[in-house]
Every structure is written in C-alpha cells, then in structure tokens.
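# Quick check, what structure comes out for this input:
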Amino acid sequence: MAGVALRSIQSRKMSEALQSEQNGVVDTLRKVIEVDRLVHDPVRYALMAYLHVVARADFTFLLRQLEVSRGNLSSHMSKLEEAGYVAVDKSFVDNRPRTMYSVTKEGRSAFKDYRTRMMQAIDLPT
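Next up is the predicted model:
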C-alpha cells in the first residue's frame, strides 16, 4: 500500500513539473507572438541592427549594406522614424544632401526587447 502511495506522489510531482515546464514554454511563445512587428520585418531588423552597432549611419551606407532600393530603404526608415525608433538628421555637405540616422533610446529598447524575446524562443526546450 505504501508503494502505491509513493508512486502516486511521484507521478503527481512529475505531472506538476511537466505542467510547469509547459506553462513556461507557453509563456515564452506568447512573448514571441507579441513581438514588435515593426522591428520584426527583416529589412527593418537589419537597419536596427546596423544602427545599434555603429550608432550613426548615412543613407548611402545603409543602402549599400542592405542592397535594397532607395525607395524601399526610405519607406522603412520613415516607419522607424514615425515610431520614434530612429532619429533623422538632414544636412548638406559640399552642396549635396546628407541624411544621417541614429537609434533613439526608445528604438534601442525596442530592439533589445525584440532580440530577448526571439532568443528565448530559440532556447525553448526540445
């Protein structure tokens, strides 16, 4: 009789541990579902990653690094600027327009949060 009770307790503990692990996986997956869609786009993610590392970059540099069209890059940067993730500084150098971009504090935070959520999803138990 004691053996049956012991097995029942062990079975319940294993079930509780499994349930706890499943809840952790579900919570992590919910965080992934709730990622910032603005950063999730591959081109915008790459833009944020470059700016996260180099601090400031001009339009031409980003254009060459990402190998996208001018219109595509401009559109993505506008979305990031509207969200407050990127600051834009327009000026003239030798009578030529120069557009510099940098990540804002809010943008840096959004990028770090996105990376954290995705790394948690990658590290899910298999």
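# Break down the protein into its helices, ranges please.
Ranges of helices within the chain are 2-33, 37-40, 42-54, 59-66, 70-82, 105-122, based on DSSP state H.
# Quick one: mean pLDDT for the longest one?
Mean pLDDT, taken over the full extent of helix 2-33, equals 60.
# Same question for the last one.
For helix 105-122, the per-residue pLDDT values average out at 90.
# so who does the residue nearest the centre of the chain touch?
For the chain, the residue nearest the mean C-alpha position is Tyr114 (2.4 Å; Cα atoms, centre = their mean). Listed by Cβ atoms under 8 Å, 6 or more residues apart in numbering, the contact set of Tyr114 reads 35-36, 39-40, 45, 48. (C-beta placed from N, C-alpha, C; glycine too.)
# How about the contacts made by the residue lying closest to it once chain neighbours are set aside?
Leaving aside its sequence neighbours, Tyr114 sits nearest to Val39 (Cβ to Cβ, 6 or more residues apart in numbering; 4.4 Å). Counting by Cβ under 8 Å, 6+ apart, Val39 makes contact with 45, 48, 85, 110-111, 114.
# Nearest to Asp123, out of those: which one, please.
Checking those against Asp123 by Cβ to Cβ gives Tyr114 as the nearest, at 15.2 Å.
# you'd agree Ala110 is up against Asp36?
Yes - using Cβ atoms under 8 Å, Ala110 is in contact with Asp36, at 5.3 Å.
# Between those two, point out the one with more neighbours.
Between Ala110 and Asp36, counted using other Cβ atoms under 10 Å, Ala110 has the larger neighbour count: 21 against 17.
# how much space is there between that one and Asp94?
Note on Ala110: its distance to Asp94, by Cβ to Cβ, to the nearest Å, is 35 Å.
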